[in-house]
Each structure stands twice: as C-alpha cells, then as structure tokens.
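K.L.:
dropping the sequence and predicted coords here.
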Amino acid sequence: MNKEQLIQHLSLVRHDEGGYYSETFRAEDKIQTQREGLSGMRSLATCIYYMLTQDNPIGYFHQNTSPIIHFFHSGSPLTYRLIHQDGSVEEYILGPDLDKGHQLQLFVPGGCWKSTELQAGGDYGLLSEIVTPGFEFIDAEIANQTQLLKEFPQHESWIRQFTYQ
C-alpha cells in the first residue's frame, strides 16, 4: 500500500506534534496514578499507529509523562532524537535494516523530549506506540522552542530544526 492508502485504511488523522495517528487500543483496566486530571486514574495501556510522510516528515519535540515503546512496521527509516532531563542526548533509527544499525523497537522514558524525522527521500514510515499507563493528552506537552533553548542551549541546532517556531 502507498501512504494515501495506509492513511485511509488505518483511519489516520493529523497529529498536533506532526505526522498522522490513530488510537487502536485503550485498556479497560485502570490503574491509580499520582497524576492530575481524571482522578489520577489511567488506562493500563494504550496503542496507536503513528506515521510520518514525505509531505509531513517531522514529529516535533514533545514529551509524555508515561514511557512509550515504539515498534517499526514498514516504509522508510525514522530517526528519533532524545533530550533527557539531565541534558544528555541520544539518536536512534527505527527501520528495517538491522545490518545498518536500525532498530525494530525503541523504549523512550517518560519526561524525555523526543522528535522524529522521516529519512530523506522516504515516502512514509509507519510504526506503533504502546504507552503505559495509557496516553492522555493532559500528560503530553509539545515543546516551546524558546523555553527548550533556555533549558538546553547546547542542543540549539536540534531544537531549532525540530520544534514549532
């Protein structure tokens, strides 16, 4: 399938952070958390499809309270850039070619700033994400470029390239 067929078949819609997504699972089981909103109750886990495309190739820096596991499915490789709370950085490529150092899955801890970029020349990159406790928009924050630059000036090139301005 091409990207347009996948968007339609998987019922993907535009995501605020960039790309497209569709929630595919929300556990009925709930757990108590120390988080605000929803009386501290969260679904045990949620899962989404997430896709970047040639015309929407960047998932801008954002952070989630919950940890997330990403699973590569198909298409072109996706580069993940992480800025941890202590200022350390990591970069990973999710993709199909393990011989080139690609990974099929990636764990990103809660509270970590992350951005995603479709490899140049790629038509799309499709993956799934499992969030536990389950994702709620109240637990997510899209980066403010000015604020992130104040906090991590040593990562100016990444921040300027991968945040909304």
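P.N.:
Perfect, thanks for sending it. Small disclaimer: the values here were computed from a predicted structure and weren't measured.

K.L.:
which residues in the protein form helices?
P.N.:
3-9, 145-151, 156-161 (DSSP state H).

K.L.:
could you tell me how many residues sit around the closest residue to T116 other than its chain neighbours?
P.N.:
Nearest in space to T116, with sequence neighbours left out and distances taken as CB to CB, 6 or more residues apart in numbering, is G59 at 3.6 Å. The way it works is simple: take the backbone N, C-alpha and C, and place the C-beta from them, glycine included. G59: 24 surrounding residues under other CB atoms under 10 Å.

K.L.:
pLDDT score assigned to G59?
P.N.:
G59 carries a pLDDT value of 96.

K.L.:
gap between it and H155?
P.N.:
Applying CB to CB, to the nearest Å, the value for G59 to H155 is 17 Å.

K.L.:
same question, I138
P.N.:
I138 is 26 Å from H155, by CB to CB.

K.L.:
which one of those two has more residues nearby?
P.N.:
H155 (19 against 11).

K.L.:
so that one sits right up against S88, yeah?
P.N.:
No - when contacts are counted by CB atoms under 8 Å, H155 is not listed as touching S88 (10.0 Å).

K.L.:
what's around Y92, how many residues?
P.N.:
Around Y92 there are 21 residues (other CB under 10 Å).

K.L.:
with Y49 instead?
P.N.:
Around Y49 there are 19 residues (other CB under 10 Å).

K.L.:
what does S66 give?
P.N.:
S66: 22 neighbours (other CB under 10 Å).

K.L.:
that one contacts V131, correct?
P.N.:
Yes - judged on CB under 8 Å, S66 makes contact with V131 at a distance of 4.9 Å.

K.L.:
look up how far T163 lies from the residue nearest to T116.
P.N.:
11 Å.

K.L.:
now do G95
P.N.:
24 Å.

K.L.:
contact partners for the residue of the chain most remote from its centre?
P.N.:
Distance from the C-alpha centroid of the chain peaks at S39, with 25.5 Å (CA atoms, centre = their mean). When contacts are counted by CB atoms under 8 Å, 6 or more residues apart in numbering, S39 touches no other residue.
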